[in-house]
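Peer 1: turn this into a model:
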Amino acid sequence: MHTADRMLAQRGAAVTLNEIAHEAGVGVATVYRRFPDLQVLIDTLFTERFTHFVQLATEAAWQPEPGRALCHYLLEAAQWRARDQALEVILAHASLKTEAVTRARDELGRLVDSMVERAVAAQAVRADFASADVYHFLYMVGAVADRTHGVSPDAWRRYAEILLTGFGLEPATDARTPAMTDAQLRRSWPTPAPPTD
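Peer 2: Modelled structure (predicted):
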């Protein structure tokens with residue numbers, strides 16, 4: 001699974017099960033026994049991801065103060081997302097109609113809705129904060145993390161802190177993450193893909 005994650009992050013959904021098996025050093029038949037096709041593998045990885053996000057949301061919801069619960073979830077989920085460079089590919093290619101995927105997605109949705117409603121009712125977050133903001137927060141943080149992971153792996157934290165402050169949730173941290181230097185920023189810019197023959 002780690003090999004599949006890495007190859008999906010590097011090559012996207014163009015990667016094949018044969019290539020994953022070769023890279024992992026296992027027989028192709030071994031991979032095909034567990035995953036008849038790439039779609040089944042992607043759906044399995046999606047369910048794993050969402051199960052973890054459900055676990056994070058469940059743990060955060062136990063916090064008695066609604067604002068702290070929401071802030072805790074956002075930071076924990078952002079940290080997980082920042083490390084997971086395959087997530088965007090998995091989200092884009094998962095089959096959202098399979099039972100396991102639908103169940104994981106719906107359970108996470110209920111937990112996030114509840115956390116957001118509690119925080120808004122407690123006036124712990126700006127009044128117009130919505131569940132959609134949770135997902136877009138993770139999307140934005142993930143985009144920064146994906147772009148900067150090889151240059152400044154913690155750069156995403158700065159933007160998470162800025163967004164949390166904008167939401168009315170003060171992140172529980174004493175030290176603020178500094179901005180990237182100009183040199184780091186230039187190194188994180190996209191580079192042209194090598195020509196293919």
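Peer 1: going forward, measure contacts and count neighbours with C-alpha atoms only.
Peer 2: Noted.
Peer 1: how close does the residue most central in space within the chain sit to Tyr139?
Peer 2: Centroid check for the chain by C-alpha atoms, centre = their mean gives Arg81 as the closest residue, at 3.0 Å. Remark: distance between Arg81 and Tyr139 (C-alpha to C-alpha, to the nearest Å) = 9 Å.
Peer 1: for this protein, which segments count as helices?
Peer 2: Using DSSP state H, the helices of the chain run over 2-11, 17-24, 28-34, 38-61, 66-83, 87-93, 99-121, 131-148, 155-167, 182-188.
Peer 1: ok, and the helix or strand in the protein with the lowest average confidence?
Peer 2: The helix or strand of the chain with the poorest confidence is helix 182-188; it has a mean of 76 (mean pLDDT, DSSP states H and E).
Peer 1: got the contact list for it?
Peer 2: Arg147, Thr148, Gly150, Val151, Ser152 (C-alpha atoms under 8 Å, 6 or more residues apart in numbering).
Peer 1: same deal with stretch 15-35?
Peer 2: Around stretch 15-35, the neighbours that count as contacts under C-alpha under 8 Å, 6+ apart are Thr3, Ala4, Met7, Leu8, Asp37, Leu38, Leu41.
Peer 1: are any of those residues buried, and which?
Peer 2: By neighbour count, with 16 or more other C-alpha atoms under 10 Å, the contacts of stretch 15-35 hold Ala4, Met7, Leu8, Leu38, Leu41 as buried.
Peer 1: how is this protein partitioned into domains?
Peer 2: Domain assignment of the chain by automatic domain parsing yields the ranges 1-36, 38-188.
Peer 1: any idea how far Ala94 is from the closest residue to Pro153 other than its chain neighbours?
Peer 2: Nearest non-adjacent residue to Pro153, counting by C-alpha to C-alpha, 6 or more residues apart in numbering: Ala145, 6.8 Å away. Going from Ala145 to Ala94 by C-alpha to C-alpha gives 21 Å.
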